[in-house]
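Asks: Sequence first, predicted model second:
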Amino acid sequence: MISFPIINPNRLAPVARLRAPQEKIPQERCVRDQIKRQIERFVLAQNPVPPMPMEEIREYAKAFMRHYQLDEIYQDYVAVLINNEAWRDTLASIPFERRLLLLPKCLRDERRCPAPIDEFGLLCKQCGLCNIRDLEEEAQQLGYAVLVAEGSALVTNMIQASKIEAIVGVSCLNVLERSFPYMEAAAIPGIAIPLLQDNCADCTVDLDWVWDIIHLTSEDKTYRLDLDAIKEEVHSWFGPEMLAEIMGRPESETERIARGWMLANGKRWRPYLTVCTYKALQDQFDIPYPNDLRKIAAAVECFHKASLIHDDIEDGDAIRYGEETVHEKYGVPIALNVGDFLVGEGYRLLAECQTLPEITTQMIQAAARGHRRLCQGQGLELCWSRNPKPLSSPEVIEIFRQKTAPAFEAALRLGAIHAGANQEIGDILSRYSEALGVAYQIRDDLDDWSSADSSSDVSQMRPSLILAMACEQARSDMKELMQSVWQNKISPNDIKDQIQDFVVRKKIDIRAQRLKETYKEEAIQALRVLNHAGLKGLLRRVVVKIFNDIKIEGWCSEFENRNAASG
């Protein structure tokens, strides 16, 4: 009889309503990740001992699905996750050089791929037309053996020769099911990442998932950290009672207005980054959150909320979080004063931390540097707005770099400094946060472009990457029209349809999306030289949390038919 961990059975109830007949997993990534988290707890409670035969895994899968009222169409996906979770700790303990990464040929661009295929699989030519090169290069740098094949007798030979002690496999469910008996018979740890489409050519995979698994190591003590639980914890610090405990109860009207603004909705990414960085640098994760960490997180949010008040005044925005901005509600003079007050509150909270004097000094210095750079970035935009002219995409990126990245860097550095990190880690965090901040701002720009909100960057004619790239691509009459928009001679709202048509026709939004991915990758690459496995792994997973935007398109269901001829 299988018992269940004590968790809320209603949390997955919406999943069943999201299914479509042709799907084998929910399309929304957030729902898929929710299932993965529940399976982690389920396996932790059940403690199944691998290797398990398929019948046993399916028994667990059926029990899990009954408990959460999931459609049986998800059974194969759930079974894969249960087997993965059962092997996770074992895989983490095996050295990289004793592991095999097995990739499918269908990840390549079938029409343009120049790579030949022999008995060892695909011989990648490093052309960069697909993700195979990046995955192969990253895994080989870690020490993995890598094969690009649908399955090969060579894999069995490598296992039998004891050269491979674990396999990370990317494939469709059909192939995973067919290869499972061989791995189970060899009792070799294996983690599977299914493909995202049901066709057998030009397929894609969740690269973040693959990255997490291939970097999995027991040296990273954070890989079992529940990032969603940390985020929920941080959110709980910004309720009325907890904030009063952290910051003291408001006494004046200015304090009450400021506190109300602190309680306003928000994603709390910056204090979350502070807490994640601190946690990653600890030897123990099950100890209570120290009071000083709450103060530092609140200080980070104070700085952020102050910057929003000032930004809204400078940009003339009337709505924030779906409600009136502070200056709209109370007037500009009061709003300015409340913003200044929150800046002071942030520095007060840092100064009151019960840390060594040199640590307190370093935190205040880090916050001040971030504050200065943020103001310089905002200054670039404000000075441009006095005499607006077309900006190139590198110029817009530079504004993004100075406006957004400093807040991310200050949040990361404060958590690291409080945990006792050295300067080398701080320098890596700077490079990481710079790329992360630019990627974050590009995503906001893309969201603004698709938004009908009158306060968006496009509608208000603030520096926009989409408009910069459009102006660079435009010719003749369209060029003059775009330049008139940049110079505020024409409102973008007056020619919105023309701009949208041009952007779609020239695929400028797609190019911006790719640029966002490039900066995400730059943030990830900044972590390569980081020697702290826990911080490296956790910051990589934070990228996934912030840019949680992958959707599943389906599953491979035609492997036998489509590959029979080419086999």
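Replies: Perfect, I can see it now. In this text, all values refer to a predicted model and were calculated from it rather than measured experimentally.

Asks: Pass me the low-pLDDT residue ranges in the chain, would you?
Replies: 1-31, 109-130, 150-162, 173-186, 197-202, 451-461, 548-567 (pLDDT under 70).

Asks: Outline the domain layout of it.
Replies: According to automatic domain parsing, the chain comprises the domains 1-93, 96-218, 219-354, 389-530.

Asks: and of those, who's closest to residue 365?
Replies: With CB to CB as the measure, domain 389-530 is the member of those nearest residue 365 (9.0 Å). Any C-beta I mention is one placed from the backbone N, CA and C, and that applies to glycine too.

Asks: related to what we said a few turns ago, using a markdown table, lay out the domains of the chain together with mean neighbour count and distance to residue 365.
Replies: Listed next are the domains of the chain as a markdown table, based on neighbours: other CB atoms under 10 Å; distance: least, CB to CB, whole Å:
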| stretch | mean neighbour count | distance to residue 365 |
| --- | --- | --- |
| domain 1-93 | 17 | 37 |
| domain 96-218 | 18 | 32 |
| domain 219-354 | 18 | 10 |
| domain 389-530 | 19 | 9 |
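
Asks: Export those to TSV and append columns for distance to residue 539.
Replies: Listed next are the domains of the chain as TSV, based on distance: least, CB to CB, whole Å:
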stretch	distance to residue 539
domain 1-93	18
domain 96-218	11
domain 219-354	7
domain 389-530	6
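
Asks: Now residue 102: which helix or strand?
Replies: strand 99-103 (DSSP states H and E).

Asks: Neighbouring strands - and their directions - for that strand?
Replies: Applying DSSP bridges, strand 99-103 is found paired with strand 145-148 (parallel), strand 166-171 (parallel).

Asks: Just send the ones you listed back as JSON lines, with distance to residue 254 too.
Replies: Below are the strands paired with strand 99-103 laid out as JSON lines (distance: least, CB to CB, whole Å):
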{"stretch": "strand 145-148", "distance to residue 254": "61"}
{"stretch": "strand 166-171", "distance to residue 254": "56"}
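
Asks: helices or strands up against the helix or strand encompassing residue 261?
Replies: Here residue 261 sits within helix 253-263, counting by DSSP H and E. Helices and strands touching helix 253-263, by 3 or more CB pairs under 8 Å, 6 or more residues apart in numbering; DSSP states H and E, are helix 240-247, helix 291-315, helix 326-330, helix 332-351.

Asks: any idea which helix or strand comes after it?
Replies: Helix 253-263 is succeeded, C-terminally, by helix 269-280 (DSSP H and E).

Asks: which residues sit against that next one?
Replies: Residues outside helix 269-280 that contact it (CB atoms under 8 Å, 6 or more residues apart in numbering) are 222, 225, 227, 230-231, 233-234, 237, 285, 289, 293, 296-298, 300-301, 303-304, 407-408, 410-412, 414-416, 418-419, 429, 532, 534-535, 537-539, 542, 546.

Asks: rerun at 6 Å
Replies: 222, 231, 234, 293, 296-297, 300-301, 304, 407, 411-412, 414-416, 418-419, 534-535, 538, 542 (CB atoms under 6 Å, 6 or more residues apart in numbering).

Asks: now that helix and helix 291-315, what's the angle there?
Replies: 160 degrees (axes from the mean of the first three to the mean of the last three CA atoms, to 10 degrees).

Asks: And helix 269-280, how far out from the chain middle?
Replies: 14 Å (CA atoms, centre = their mean, to the nearest Å).
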